[in-house]
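J.: need the 3D shape of this:
(chains A and B)
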There are 2 protein chains.
Amino acid sequence: MPDFTDKLRPSQPDGPSTLAQERVQSNISTEELGKHLLSSDGFIERQARILPILQQEPILSKTKQQNLSRPERFKLGLARAKLLRRLSDEHKWSHDDYKMAEYLVDDVSPYFLHMEMFITTIREQASEEQRAYWLPLIESWKIIGAYAQTELGHGSNVRGLELEARWDGHTKEFVLHSPTLTASKWWNGSLGRVANHAIVVAQLLLPEPGSDRFVSHGPHPFIVQVRDMKTHQPLEGIVVGDIGPKYGYISMDNAYMLFDHFRIPHSALLSRYSSMNPETGVYTKPDQPALVYGSLTYVRANIVHHARLVLARAVTIAIRYTTVRRQFQDRDGDKRGLEISVLDYPTVQIRILPLLATTFALHYTGLAMRTVYQTAREDIEKGDFNSLAYMHSMSSGLKSLCTMLAADGIETCRRAMGGHGYGGGSGLIQLNNDYLSKPTVEGDNWMITQQVAGYLIKKMSAAVEHQDRAGDEMDVRFRAFIREKRAGGLLRGYDVLNNDRDIVKSFELRATALAYDAYEQRVIKKKNWNSLLIQLHKLSRAQSQSIMVTTFFEALSTDKALSAPTRITLWDLYRLFALNTMENEGYEFFRCNAVSQSDLDALPARIQYLMGRIRPHAVKLVDSWMIPDYLLDSALGRYDGRVYEDLFNRAHRLNPLNRITFNPNYWEDEIVKGSGVDGSDILSKL
Amino acid sequence: MPDFTDKLRPSQPDGPSTLAQERVQSNISTEELGKHLLSSDGFIERQARILPILQQEPILSKTKQQNLSRPERFKLGLARAKLLRRLSDEHKWSHDDYKMAEYLVDDVSPYFLHMEMFITTIREQASEEQRAYWLPLIESWKIIGAYAQTELGHGSNVRGLELEARWDGHTKEFVLHSPTLTASKWWNGSLGRVANHAIVVAQLLLPEPGSDRFVSHGPHPFIVQVRDMKTHQPLEGIVVGDIGPKYGYISMDNAYMLFDHFRIPHSALLSRYSSMNPETGVYTKPDQPALVYGSLTYVRANIVHHARLVLARAVTIAIRYTTVRRQFQDRDGDKRGLEISVLDYPTVQIRILPLLATTFALHYTGLAMRTVYQTAREDIEKGDFNSLAYMHSMSSGLKSLCTMLAADGIETCRRAMGGHGYGGGSGLIQLNNDYLSKPTVEGDNWMITQQVAGYLIKKMSAAVEHQDRAGDEMDVRFRAFIREKRAGGLLRGYDVLNNDRDIVKSFELRATALAYDAYEQRVIKKKNWNSLLIQLHKLSRAQSQSIMVTTFFEALSTDKALSAPTRITLWDLYRLFALNTMENEGYEFFRCNAVSQSDLDALPARIQYLMGRIRPHAVKLVDSWMIPDYLLDSALGRYDGRVYEDLFNRAHRLNPLNRITFNPNYWEDEIVKGSGVDGSDILSKL
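T.: Numbers count the residues shown, from 1 in each chain, chains lettered A, B, ... in the order given. Coordinates of the predicted model:
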């Protein structure tokens, strides 16, 4: 309905003119930097090709989805997921094309587990015969599968799973049974409402030869049909459903599932690595138990690599909005000029610009993680398992650190945007709600740092024992540290303010010193492992920060292609990321002799100086991440800066609540004016 | 529907037996501690009286509300708010009783602004005549009002508001007009759908005597009818509505509102302090502009006082759940015993137990803040404005620090609960979503720290100039600092590990040293104010932390009534809060000579030792906050520990998604099995 607001414009200077000015004032080429960041695996071309296809589809429109209920939102999610598969067939999308579409639509697919863990587990752990039977059904989506491992009572401790798969030698079947409530499968995505099959992980219970007792051979994967293919109802002996609302992942049907003496055939046991002879009952162990680390590491490496785009989204919104947003004239000025862009306040910069630098640090770290993963996989295929431990340690520490940086960074960006950051126009609500799962899934961020510490303590023990043997870069560094420590001197005098390489060395020294402390406590003093956990967590963080700083430094040092303006600013971002990290943990660096007191005291001023240098390029830098408005779904973060127009449009024209007139009189039961109806229609849903 | 899961129980030891054991092993009396914390203003009696009344009302049941859409949730919120007012009439509730009911129901009321800012503004800023007319209408809820100050383009900078109230001398009316889109009122609670009146803050534009130009006299409050009393439609010349979904506050109708040359009578200008003669056009300024600080400080003081109960809620849930939750046997043990309660891991303790200590720190700080507020109000009533500046500074700094502690604390608790913390059974989703507004409302947490810094710089300037004059405790401390600094020595040797009072002194010294630094930069070196903002923020934090530590120490030092076990543990909590805060900002304390390097190095072990002492009392300590299950609405945090039973009940019996059977075949449009209907019913809502 037209009204007098249609003619109103925001006060001047408005968003578009402000952002235009920002883009003119910086000599960074977003095209060059964008290619540098995103062109290697065809990301830019793919995004440009897929995006317009999606934007044509009304059901993929996001602007009003925040108003839907959980059941409506799930229906929408399923309709969208079906459409994406059909578009994929129609346009002959590659797997990467399909992932791009999912990334842009930004709804977790109810088919997600089918396409990831279900098919991967069949590929990796099923026998040839099993694969020949199941893979065609899976790839055509004739059956939909999930992955049911974690239970109500057990997540991290996989060995503690309670579900039993007991061999019945008479019928040659396994009997799946949940002996307790806590044995219920729990959290298993795609299984709550959608899947009709699942990989079910259960304790393999086999009779002890010559006895009637059963012995557990530990958790094993079985493929199980769980719902009828016609009615889609759970099979007799199975209770399965969706666990209910969560922080995010609204379109995902995470499941609970229990079994009551449910029988499955011998062929259900996935038997590429371990198997059991149905005639003799003899069990064959897997050759190489470490192989199962493979897929977990793959998932963690992907999380590390993806974190940059998550944080870039939040930082893009925050930088564009805080540039457009103006508040107060300069207190020391004449107070007649324009109000200041909020991003010009150092208290806003100190929250957002280090996170901008972090997006680049995450980028180079993600690339390095991928390279390490691919190299290790190739080694493993050749039967060389030497790099497995390092890869596993690195992926654990970085998963913990990077998801923490991204999750906390989203909320820091939101708060830096003040009041409007709390509104639905921020574009951060769903991003935040979904991403908050990451610090605890695929290995809890605090628990898995033990894997880093365990690795480093082993390396340090070896360095202490074998001062002369050949080794990798870390061995060399650890040995040098030990030699110097024995010689009694550890004053390095790194010049972190003026030498970029010394920053790397400072981070390495701190991580090495903490590794030595941990070694001393655990190996020399024989302290209880659990009593050291806080210290070990700090060690993992120090090591992972060191990796981030080192990879950032090396990426810039080896680059020959970037133009001077871009290169100069990337070095500033490197320094800002590293020095800001150092300041936040200043005392630890100081205690390890990794930085001098005078340099520490100079850090705040240096950080503010670096932020001043980066500030003019801030908008161009986030533009280079090339995140389309469709993905941002943010009034505050729009590329064109029409912040206030969009906020008003969402409120005045798109908000369904404004189509309802309410009755405000408390003495009248009626809720919707003129309806004569009290709250009983809502009451029926409570 | 009954099924085989009805008979299943969790594995042993289950939640009830674990919590029973926890409660037996601690000699703390929850009754004693609960009274100590909550009995002073009748809180415990009130909660016990109101709670059963609420639990009888089906519409106040919370367990399924997470499944509702925004419009449904708003209808529910309005129905509940009407009911609360009716219950209040029926049971003759006092204002405190009514607030207790709101606190327990935990839905922000669509009438909230009517009962707070609307009525308060009329009481404080309306003339006698205006009050006589409006207050009866307001108190009977015959009219519903809101408070419309902030605009789309202006929040913090109130002087920059764009809405105009231009005096028309011919008709003796003000003309309200929004000249731009950014002049739209925005965020104004209770106004989007419910209120029919509002306090509207607009630039008072009066003709310059003897000219046809208008001059702004700054923002002034007007009372304006905005909707028709019969149809509840906006009056001609007004556009008003709800701004749409937000992070939280789902049952609040935050508004946008614009005016198109909308005329209001002269009597609309609230004229207790400033007024305008309608005959002559002469404007009379308020006597005492500082008075307007009063209500803002009141709101901030309340936020500070309330923070303890917010954080206590999250900590209650986290401690109960991490006690019931067991995962892994001791790595160094024989691995045959029970799995360990997750709260026994130091990496879980270090996240939750300092927050448990923080709830008590917030409690004593909140009490102190209230006392300062009440004393200052009494002084002001007597015409003594000396304490106003201190009160304003204290409330600003504490609002910033305490809301940050509580908001971040909720999320820290959630993550410490691992996977289940991400589910709807955590009871933290709405608490988190609602509370995330607090760091930015009522003065942005980063912006208002300037008010603390400004106050301290003034005090330090005075101390430098007047070494001999009498003064308050802060003046004495500042002068001593300056004397010592001039004498060239500042080595204190505070024994923070063994002397509780020295901890207070250490915090004071750090805050004083930072205040002196800020004074030096601003007053001596004349640095630009904005360039110092990060430093000033750190100063405010240091000062506010010092207040928290001091009030905690003084409360325990002066208490004579508590029994030994409780007192001993409260002192441990004091030490944990203070020393953990000190460790997190270790380098700043070190740089200010407020702590020695050897003491800093000893902090991690001391903190772990304190956590070990507090751990056995953790469940009893959170029990003492007496937060009822109805308010917690948490499977994980139930008093009886039936965590897994409740999670399963919510999933299997209460989740509406499980009543829908879906069609998983991507090649079929149908979404709900057997319905034959595609996603078009959802599409109509997009």
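J.: show the pLDDT at residue A:646.
T.: pLDDT recorded at residue A:646 is 98.
J.: against chain B, how distant is it?
T.: 11 Å (Cβ to the nearest Cβ, to the nearest Å). In short, each C-beta sits where N, CA and C put it, glycine included.
J.: over to residue A:250?
T.: Using Cβ to the nearest Cβ, one gets 10 Å for the distance from residue A:250 to chain B.
J.: please name the nearest non-neighbouring residue to that residue.
T.: In space, residue A:250 comes closest to residue A:73 once its chain neighbours are excluded; the distance is 4.7 Å by Cβ to Cβ, 6 or more residues apart in numbering or on different chains.
J.: now the strands for chain A?
T.: Secondary structure of chain A (DSSP state E): strands at A:145-148, A:164-168, A:173-177, A:185-188, A:197-207, A:214-225, A:238-242, A:255-259, A:262-265, A:275-276, A:283-284.
J.: who are the packing partners of the longest one?
T.: Strand A:214-225 sits against helix A:119-125, strand A:164-168, strand A:173-177, strand A:197-207, strand A:262-265, with contacts defined as 3 or more Cβ pairs under 8 Å, 6 or more residues apart in numbering or on different chains; DSSP states H and E.
J.: so for residue B:403, which of the ones you listed sits nearest?
T.: Checking the helices and strands packed on strand A:214-225 against residue B:403 by Cβ to Cβ gives strand A:197-207 as the closest, at 43.3 Å.
J.: re the thing from before, of the helices and strands packed on strand A:214-225, which is nearest residue B:52?
T.: Nearest to residue B:52, of all the helices and strands packed on strand A:214-225, is strand A:173-177, at 42.5 Å by Cβ to Cβ.
J.: so residue A:308 sits against residue A:362, correct?
T.: Yes: with contact defined as Cβ atoms under 8 Å, residue A:308 reaches residue A:362; the gap is 3.9 Å.
J.: and the residue of the stretch 1-150 of chain A closest to chain B?
T.: Residue nearest to chain B within the stretch 1-150 of chain A (Cβ to the nearest Cβ): residue A:79, separated by 3.1 Å.
J.: next one: the spatially closest residue to that residue that is not a sequence neighbour relative to residue A:683, how far apart?
T.: Nearest residue to residue A:79 in three dimensions, chain neighbours excluded: residue B:679, at 3.1 Å (Cβ to Cβ, 6+ apart). Per Cβ to Cβ, to the nearest Å, residue B:679 is found 28 Å from residue A:683.
J.: which one of the two has more residues nearby?
T.: Taking other Cβ atoms under 10 Å in any protein chain shown, residue B:679 and residue A:683 do not tie; residue B:679 has more neighbours (22 against 13).
J.: who in the stretch 351-500 of chain A is up against chain B?
T.: Taking Cβ under 8 Å from any Cβ of the partner chain, the part of the stretch 351-500 of chain A that reaches chain B is made up of A:351, A:411, A:414-416, A:418-419, A:421-425, A:429, A:436-437, A:439-441, A:444-447.
J.: weakest of the helices and strands packed on strand A:214-225 in terms of mean pLDDT?
T.: The minimum mean pLDDT among the helices and strands packed on strand A:214-225 belongs to helix A:119-125 (a mean of 93).
J.: and residue A:525, what's its pLDDT?
T.: pLDDT recorded at residue A:525 is 98.
J.: then the one 4 residues further on?
T.: Model confidence at residue A:529, given as pLDDT, is 97.
J.: from chain B, how far out is it?
T.: Residue A:529 sits 5 Å away from chain B, going by Cβ to the nearest Cβ.
J.: that residue touches residue B:332, doesn't it?
T.: Yes: assessed by Cβ under 8 Å, residue A:529 is found in contact with residue B:332 at 5.4 Å.
J.: between the two, which one's more packed in?
T.: The residue with more neighbours, out of residue A:529 and residue B:332, is residue A:529; 17 against 12, by other Cβ under 10 Å.
J.: with adjacent residues omitted, what lies nearest to that one?
T.: Leaving aside its sequence neighbours, residue A:529 sits nearest to residue B:331 (Cβ to Cβ, 6+ apart; 4.7 Å).
J.: and that neighbour, how many neighbours?
T.: Neighbour number of residue B:331 under other Cβ under 10 Å is 12.
J.: am I right that it is in contact with residue A:532?
T.: No: using Cβ under 8 Å, residue B:331 is not in contact with residue A:532, being 10.5 Å away.
J.: what about residue A:340, how many neighbours?
T.: 17.
J.: contact partners for it?
T.: Neighbouring residues of residue A:340 by Cβ atoms under 8 Å, 6 or more residues apart in numbering or on different chains: A:326, A:327, A:328, A:329, A:330, B:530.
J.: any buried residues in stretch A:651-671, and which?
T.: Judged by neighbour count using 16 or more other Cβ atoms under 10 Å in any protein chain shown, the buried positions of stretch A:651-671 are A:651-652, A:655-658, A:662-664, A:666, A:669-671.
J.: if we can go back for a sec, can you put the contacts of residue A:340 in a markdown table and add distance to residue A:237?
T.: Below are the contacts of residue A:340 laid out as a markdown table (distance: Cβ to Cβ, whole Å):
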| residue | distance to residue A:237 |
| --- | --- |
| A:326 | 65 |
| A:327 | 63 |
| A:328 | 68 |
| A:329 | 73 |
| A:330 | 73 |
| B:530 | 69 |
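J.: taking those one by one, which sit in helices?
T.: Residues of these located in helices (DSSP state H): none.
J.: list only buried entries from these.
T.: Buried members of these, scored by 16+ other Cβ under 10 Å, are A:326, A:327, A:328, A:329, B:530.
J.: nearest residue to the second one in space, ignoring adjacent ones along the chain?
T.: The shortest distance from residue A:327 to any non-neighbouring residue, by Cβ to Cβ, 6+ apart, is to residue B:157 (5.0 Å).
J.: ok, how many other residues are close to the one you found?
T.: By other Cβ under 10 Å, 15 other residues sit near residue B:157.
J.: phi, psi of it?
T.: Phi and psi for residue B:157, reported as degrees, to the nearest 10, are phi -90, psi 80.
J.: wait, what's in contact with it?
T.: A:327, A:328, A:339.
J.: roughly how far apart are it and residue A:81?
T.: Per Cβ to Cβ, residue B:157 is found 46 Å from residue A:81.
J.: any stretches of chain A with poor pLDDT?
T.: For chain A, the stretches with pLDDT under 70 are A:288-294, A:489-491.
J.: let's see it at 80
T.: Residues of chain A that meet the criterion pLDDT under 80 lie in A:1, A:286-296, A:334-336, A:467-470, A:488-492, A:679.
J.: residue contacts, residue A:478?
T.: Shown in contact with residue A:478 (Cβ under 8 Å, 6+ apart): A:459, A:460, A:463, A:512, A:515, A:516.
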